[in-house]
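Peer 1: Predicted model follows, preceded by the sequence.
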Amino acid sequence: MGRIFIVFVLLSANLFGQAAIGNEKFDQKQYADAAAAYENIPVPQRDAGILNRLGVSFHMLNRLRDAENAYKAALKLEPDDSESTNNLAALYYSQRKFSDAERQLRKALERSPDNTLMRLNLRASRYARENSKKARDMAASVSAGNPILIEKREGDLLQLLILMPPKDVEAATLYEKRGDSFFARKMYEDAIIEYRKSIALDRYNASTLNRLGLVYHQSQKLVEAEQFYREAVKQNPYYLEALNNIGTVHYVRKDYDRAMEQYMRALKIRPESPTILLNIGACLFAMERYEEGYKSYQRALEIDPKAFDHSSGFGTLIQTSQRSESTLNFYLAKVFAMNGDKDRAISYLYKAVEEGFKDLDKVKGEPAFALLLEDERFQKLMETMGAAPPAAVPR
C-alpha cells in the first residue's frame, strides 16, 4: 500500500512539474518547449486549459493539424469553453477557411459576448468571408512573415490579423478616434462626420457603428440612430449594447412591446446587467405593469446597489430616463426601502405624494416601509397624507 502511495505521489509531482514547466515556457513564448512539456502530461490528466495551451503552442509553430486536435480535445472536455472555441476559429482562419472561422467565433461570442478580442476576431473573419479575393491576396502577401495570420496572443487567446489593406485600417482608426474626441465634447455633428468616414472604410466595426448610433441618438435623430444600431447587430448578433440601444429607441417612441423584445434579447446575452434590468423595469412601469417593474428594479439593485447612481456609458449603453409619476415613485421608494436606503426611500415617497399619490393605507400597509416607521421624516409625511382632503369622487 505504501509503495502504491509513493508511486501516486511521484506521478502527481511529475504531472504538476510538467504543467509548471509548460506554463513557464508558454508565458515566455517558447512554444516548442511548452508543447513538449504539455505532451509529457499523461492524456487522462490533461484538462481543457492545458489542451488549449497545447493547441496554441502547436498553432504558433504552424503545426495546424496537431493544434486542431488539441483544441477539439479541449472542447470535448468543456464544450462551452469560449477560449478554445475562439482559437479553433483562429485555426480555420489560418487555413483560409473564413466561413468556418466566422461560425466558430459566433459560438465563442455567444459564450463570452463582452470579450473585446473575440469581437475584433469576428470583425476580421466577416471581412475576410465577404471580401474573399482581397483577403486571400492580402494573406498571400503576408504569408512569408506570418503564414498563420495571427496578430498576437493575448493570454490564452489568439487575435486574428485583419486582412484589410493596412492604409484603410489606419485611416478608419484615425477617423474613429477623432469621432470619439468630438463625441466626448458633445460636438455631435463633427462626431457624425468622423464616424461616417471610419465606417466608409471599415463597415465591419460594430463598436464604431454603435457609437455612430449613439451620436445620432443624442442628436434626437432616432431613425438614423436605429439604422446604425441595427447595422452593429448585423455585424455582431451578440453586441448587446446595440440591442439595448435599439430597445431604448422604441422606448422613446413609446413602442413598449418592441422595446421589451430588444431588452429581453440583450438580457438573454447578459442576464446580470443592472442597466438592462433597469431599462426593463422602466419599460414595465411605462406599461403600468408595476409589480413586474418593481421586481426588475429590485434585481438590478441586488446585482449592483449603486445601479441608480451610474450614468449611461459613453459609447456603450443608453439607460432609459425615469418617468415622473406618483405610482412609479411609490415603487421606487419601496425598492430603496427593501435595500435599506432610508434616505432615498423617503425622498421618493415625498415625490410620490407631491405628484398626487394619496393611498395612505397602501403606504402604511407596505412591509418594506417598516424600516422607516421610526424616522421623523416618514412620520411627518404620514401626518401630511392623513391631513390631506380625500380625493374628489368622479361624476
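Peer 2: It's in. It should be emphasised that the depicted structure is a prediction, and the values quoted were computed from it without experimental measurement. Numbers count the residues shown, from 1 in each chain.
Peer 1: Next, give phi and psi for the residue sitting nearest the centre point of the chain.
Peer 2: Nearest residue to the geometric centre of the chain (CA atoms, centre = their mean): residue 114, 3.6 Å. With angles defined as degrees, to the nearest 10, residue 114 sits at phi -90, psi 0.
Peer 1: Look up how far residue 102 lies from it.
Peer 2: 19 Å (CB to CB, to the nearest Å). To be clear about C-beta, it is placed using only N, CA and C from the backbone, and glycine gets the same treatment.
Peer 1: And residue 292, by the same measure?
Peer 2: 38 Å.
Peer 1: which of the two has more neighbours?
Peer 2: Neighbour comparison, residue 292 and residue 102: the larger count goes to residue 102, with 21 against 14 (by other CB atoms under 10 Å).
Peer 1: Isn't that one up against residue 124?
Peer 2: No. Look at residue 102 against residue 124 with CB atoms under 8 Å: they stay out of range, at 9.3 Å.
Peer 1: pLDDT score for residue 232?
Peer 2: pLDDT, residue 232: 98.
Peer 1: Which secondary structure elements does the helix or strand harbouring it sit against?
Peer 2: Taking DSSP states H and E as the criterion, residue 232 maps to helix 222-235. When contacts are defined as 3 or more CB pairs under 8 Å, 6 or more residues apart in numbering; DSSP states H and E, helix 222-235 packs onto helix 116-130, helix 206-218, helix 240-252.
Peer 1: repeat that with 7 Å
Peer 2: helix 206-218, helix 240-252 (3 or more CB pairs under 7 Å, 6 or more residues apart in numbering; DSSP states H and E).
Peer 1: From residue 238, how far off is residue 75?
Peer 2: In terms of CB to CB, residue 75 sits 19 Å off from residue 238.
Peer 1: So which of these two has more stuff around it?
Peer 2: Between residue 75 and residue 238, counting by other CB under 10 Å, residue 238 is the more crowded of the two (26 against 22).
Peer 1: show me the contacts for the more buried one.
Peer 2: 109, 110, 113, 269 (CB atoms under 7 Å, 6 or more residues apart in numbering).
Peer 1: For these, name the two members farthest from one another.
Peer 2: Greatest spatial distance among these (CB to CB): 109 and 269, at 9.0 Å.
Peer 1: Compare neighbour counts for the two and give me the winner.
Peer 2: The neighbour count for residue 109 versus residue 269, taken as other CB under 10 Å, is higher for residue 109 (24 against 18).
Peer 1: Spatially, what comes nearest to the more buried one if we skip its sequence neighbours?
Peer 2: Distances taken as CB to CB, 6 or more residues apart in numbering place residue 238 nearest to residue 109, at 4.4 Å, with adjacent residues excluded.
Peer 1: Let's verify that neighbour: helix, strand, or coil?
Peer 2: Recorded secondary structure, residue 238: coil (DSSP: H, G, I helix; E, B strand; the rest coil).
Peer 1: measure it to residue 145 for me?
Peer 2: 33 Å.
Peer 1: for residue 128, same thing?
Peer 2: In terms of CB to CB, residue 128 sits 18 Å off from residue 145.
Peer 1: more neighbours, the two?
Peer 2: Between residue 128 and residue 145, counted using other CB under 10 Å, the more crowded position is residue 128 (28 against 6).
Peer 1: The more buried one: what's it in contact with?
Peer 2: The contact partners of residue 128, taken as CB under 7 Å, 6+ apart, are 98, 135, 163.
Peer 1: Pull out the buried residues from stretch 227-243.
Peer 2: 228-233, 235-243 (16 or more other CB atoms under 10 Å).
Peer 1: quick revisit: as JSON lines, the helices and strands packed on helix 222-235 with mean pLDDT and distance to residue 149 would be great.
Peer 2: Shown next, in JSON lines, are the helices and strands packed on helix 222-235 (pLDDT from 0 to 100; distance: least, CB to CB, whole Å):
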{"stretch": "helix 206-218", "mean pLDDT": "97", "distance to residue 149": "21"}
{"stretch": "helix 240-252", "mean pLDDT": "94", "distance to residue 149": "28"}
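Peer 1: Would you format those as CSV with distance to residue 338 included?
Peer 2: Putting these into CSV (distance: least, CB to CB, whole Å) gives the following:
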stretch, distance to residue 338
helix 206-218, 32
helix 240-252, 25
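Peer 1: Just tell me which of the ones you listed ends up closest to residue 49.
Peer 2: helix 240-252 (26.7 Å).
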